[in-house]
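> sequence and predicted model, in that order:
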Amino acid sequence: MRPSDRDIEQALIGWLPRQRWFAGKGREIAQVEIVSGTELSGPGAPPGPDGPELRHTLVAVRQDGARDLYQLLLGFRHRLPDRLRYAEILALDGMHVYDAAHDPELTGVLLECLAAETRVGPLSFHRVPGAQVETGLTSLAGTAEQSNTSLVYGETYIYKLFRRIVPGVNPDLELNLALTEAGCRHIPRLYGWAEMRVADQGEDRPATVGMLSEFLRTASDGWQLATTSVRDLYGSPAEVSADQAGGDFAAEAERLGTATASVHRDLAEAFGVRQVPPQALRDAAARMEDQLDTACADVPELARHAEPIRAAYRDLAELERPVPVQRIHGDYHLGQVMRTDRGWVLLDFEGEPARTLAERQAPAHPLRDVAGMLRSFEYAARFLLSGTPGVHHRESDAAQRALLERRAREWADRNRNAFCRGYADGGGPDPGAHRVLLRAFELDKAVYEVRYEARNRPTWLHVPLSSLPHLTT
Ligand SMILES: Nc1ncnc2c1ncn2[C@@H]1O[C@H](COP(=O)(O)OP(=O)(O)O)[C@@H](O)[C@H]1O
Ligand SMILES: O=P(O)(O)O[C@H]1O[C@H](CO)[C@@H](O[C@H]2O[C@H](CO)[C@@H](O)[C@H](O)[C@H]2O)[C@H](O)[C@H]1O
């Protein structure tokens, strides 16, 4: 017999905070409640006498008076193979309950549902018009540090199992659908998606719960490529400059800028562009100041950089001109782009994970994405400098330290210039002609990163903090 919902809910209180994708880490869980359970075993995966069985589950988690929804695939087995031990949530009365995202014997059913456009309980599965979905492929759950869980099926598909579920269409799906329709070549091919009805203020609304895309089998992600280039420079003799180093990244950075401008253009055509009055910049500057205040309260080391940051926000508020806004990526960095044999491809249009859906859907100036990527060049250049494994240098060796600092600056500047050139040549607003906007956006992102790192990866906190003196002078 399966454990009761109550037993599972109790076990989830301890299990959820250990999951990388759980957004409520560090806050006490007051309650977990299973709000929906849909049997998904069969017809593609009929359970044997010993299981396994699959139940699609939505849980509501209460923390600090807030209620968030999370999607789980619960597996049930009488005997849990050793390879699934790490995914166990609970074992009771001879039944194991576990995270079935890691069980390829169960996840095949998702492909079958997508192929057949199944409707079951509150769930419905959809194919992009004209797309076929092949079934019978084995999945492997990604191990990347992610906000969601990705299942790679063979070498063909990647299914993004959204973890935190918010009523409405997830911007990742919304933007991928629009870009697919626009024939954009800088996104992975989209095959289908899953949604479920969830109760929202007394009404049932559809919420996106999964998305099936082409798996970019031979691609490398931008972060890996960029940091390889940085390592190459750091490992070269002192007299070798960034442009002479074998692993120079600038040509790729320039192409990435051009691809970014192309995606921005497609998004502008699909969703429109509107001009917002100067008051909107004053409002934006005020919001940035609020974020800064909150971040300074959370991370006191930030306070010593606060004054020049505020000055940059004041400059923004004083810009007396309307600015164009449109849908953008929203959380753009090197980990969100992959270099394929058909050029750069952009991933994950969800926006910053901690923001509300309305904030993530709000149109913004496209240079916000440019600022995000420029911050990422800064990260790639700086994260090897100290506090992280990879480059070994004696802290006491001031000359070595100064050389690495100089090289970090040189690498970041060279690649940011290349990216901005590619972006302007590709038809985007010239970053060099909008310095006040860009500086404010970069600082706002850096403040966000300080909070993000303090909460999620404290050993990385030095990266955004140590980049601030350069940004604020
Ligand atoms: N279509 C794809 N092909 C190959 N790898 C992918 C694809 N989509 C995502 N990935 C890999 O999975 C990682 C996480 O994907 P992402 O969409 O950013 O998920 P999350 O929202 O959970 O952060 C990416 O950084 C990339 O390495
Ligand atoms: O990819 P996510 O949507 O989960 O984005 C979050 O996590 C990112 C880190 O994984 C974080 O990005 C920051 O670190 C990157 C290096 O790991 C760096 O390239 C980015 O520039 C930096 O912002 C992102 O901010 C956060 O929202």
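Arrived safely, thanks for sending. Ligands and ions are numbered 1, 2, ... in the order given.
> count of neighbours near E88?
E88 has 16 neighbours, counted by other Cβ atoms under 10 Å. From N, CA and C alone the C-beta is placed, and that goes for glycine too.
> my error: substitute T356 in the last question.
If we define neighbours as other Cβ under 10 Å, then T356 has 10 of them.
> ok, now P300?
Residues lying near P300 (other Cβ under 10 Å) number 9.
> could you check how far it is from A306?
In this view, P300 and A306 are 10 Å apart by Cβ to Cβ, to the nearest Å.
> contacting residues for the residue in the stretch 351-473 of the chain positioned nearest to ligand 2?
Ranked by Cβ to the nearest ligand atom, the top residue of the stretch 351-473 of the chain for proximity to ligand 2 is S376, at 3.4 Å. For S376, the contact set (Cβ atoms under 8 Å, 6 or more residues apart in numbering) comprises G222, W223, A226, Y332, H333, L334, G335.
> how many neighbours does the last one have?
What it means is G335. G335 sits with 19 neighbouring residues when counted by other Cβ under 10 Å.
> right, and it touches D221 too?
Yes - in terms of Cβ atoms under 8 Å, G335 counts as a neighbour of D221; the distance is 6.1 Å.
> okay, and A253 sits in which element?
If you go by DSSP states H and E, A253 is part of helix 250-271.
> who are the contact partners of L385?
Residues near L385 by Cβ under 8 Å, 6+ apart: V391, L404, E405, A408, S466.
> kindly report the same for M338.
L216, A219, S220, D221, G222, W344, V345, L347 are the contacts of M338 under Cβ under 8 Å, 6+ apart.
> out of the residues you listed, who's the most crowded?
G222 (27 neighbours).
> and the gap between that residue and L54?
G222 is 35 Å from L54, by Cβ to Cβ.
> just to revisit the earlier point, of the contacts of L385, which belong to helices?
The helices, defined by DSSP state H, take in L404, E405, A408, S466 from the contacts of L385.
> circling back: and the contacts of L385, which of them are buried?
Neighbour counting over the contacts of L385 (16 or more other Cβ atoms under 10 Å) leaves L404, E405, A408, S466 as the buried ones.
> if we ignore the residues flanking it in sequence, what's nearest the first one?
Beyond its immediate neighbours in the sequence, the residue positioned closest to L404 (Cβ to Cβ, 6 or more residues apart in numbering) is L385, lying 5.7 Å away.
> again, but for D331
Once flanking residues are discounted, D331 sits nearest to E352: 4.7 Å by Cβ to Cβ, 6+ apart.
> my guess is V263 contacts W344, does it?
No - V263 is beyond contact range of W344, at 9.2 Å (criterion: Cβ under 8 Å).
> please identify the residues of the chain in proximity to ligand 2?
145, 147, 223, 331, 333-335, 348, 352-353, 375-376, 379, 449, 452 (Cβ under 6 Å from any ligand atom).
> now with 5 Å, please.
Within the chain, the positions near ligand 2 by Cβ under 5 Å from any ligand atom are S147, D331, H333, L334, E352, R375, S376, Y379, E449.
> tell me which of the residues you listed is nearest to F22?
Lowest distance from F22 to those (Cβ to Cβ) belongs to S147, with 9.6 Å.
> the closest one: what secondary structure?
Assigned with DSSP: H, G, I helix; E, B strand; the rest coil, S147 falls in the coil class.
> could you pull out the helices for the protein?
Assigned by DSSP H, the chain shows helices spanning 5-15, 104-116, 171-181, 222-234, 250-271, 278-298, 306-317, 357-361, 367-382, 398-425, 435-456, 462-471.
> could you dump the fifth one to PDB, C-alpha only?
Only the C-alpha atoms of helix 250-271 are listed here, as PDB (Å, rounded to 0.1, in the frame of the first residue of the first chain):
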ATOM      1  CA  ALA A 250      36.200  38.000 -29.100                       C
ATOM      2  CA  ALA A 251      35.000  36.800 -32.500                       C
ATOM      3  CA  GLU A 252      32.500  34.600 -30.700                       C
ATOM      4  CA  ALA A 253      31.500  37.500 -28.400                       C
ATOM      5  CA  GLU A 254      30.900  39.600 -31.500                       C
ATOM      6  CA  ARG A 255      28.700  36.900 -33.200                       C
ATOM      7  CA  LEU A 256      26.800  36.500 -29.900                       C
ATOM      8  CA  GLY A 257      26.100  40.200 -29.900                       C
ATOM      9  CA  THR A 258      24.700  39.900 -33.500                       C
ATOM     10  CA  ALA A 259      22.600  36.900 -32.600                       C
ATOM     11  CA  THR A 260      21.200  38.800 -29.500                       C
ATOM     12  CA  ALA A 261      20.200  41.700 -31.700                       C
ATOM     13  CA  SER A 262      18.500  39.400 -34.100                       C
ATOM     14  CA  VAL A 263      16.400  37.700 -31.300                       C
ATOM     15  CA  HIS A 264      15.500  41.200 -30.000                       C
ATOM     16  CA  ARG A 265      14.300  42.200 -33.400                       C
ATOM     17  CA  ASP A 266      12.200  39.100 -33.700                       C
ATOM     18  CA  LEU A 267      10.700  39.700 -30.200                       C
ATOM     19  CA  ALA A 268      10.000  43.300 -31.100                       C
ATOM     20  CA  GLU A 269       8.100  42.200 -34.200                       C
ATOM     21  CA  ALA A 270       6.200  39.500 -32.400                       C
ATOM     22  CA  PHE A 271       5.200  41.500 -29.300                       C
END
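> okay, angle between that helix and helix 398-425 too, please.
Helix 250-271 runs at 40 degrees relative to helix 398-425, counting by axes from the mean of the first three to the mean of the last three Cα atoms, to 10 degrees.
> kindly report the same for the second one.
An angle of 20 degrees separates the directions of helix 104-116 and helix 398-425 when computed by the same axes, to 10 degrees.
> for helix 104-116, packing partners?
In terms of contacts (3 or more Cβ pairs under 8 Å, 6 or more residues apart in numbering; DSSP states H and E), helix 104-116 is packed against strand 53-63, strand 66-77, strand 123-127, strand 139-141, strand 149-153, strand 157-161, strand 190-200, strand 203-214.
> that's all I had, so thanks and see you.
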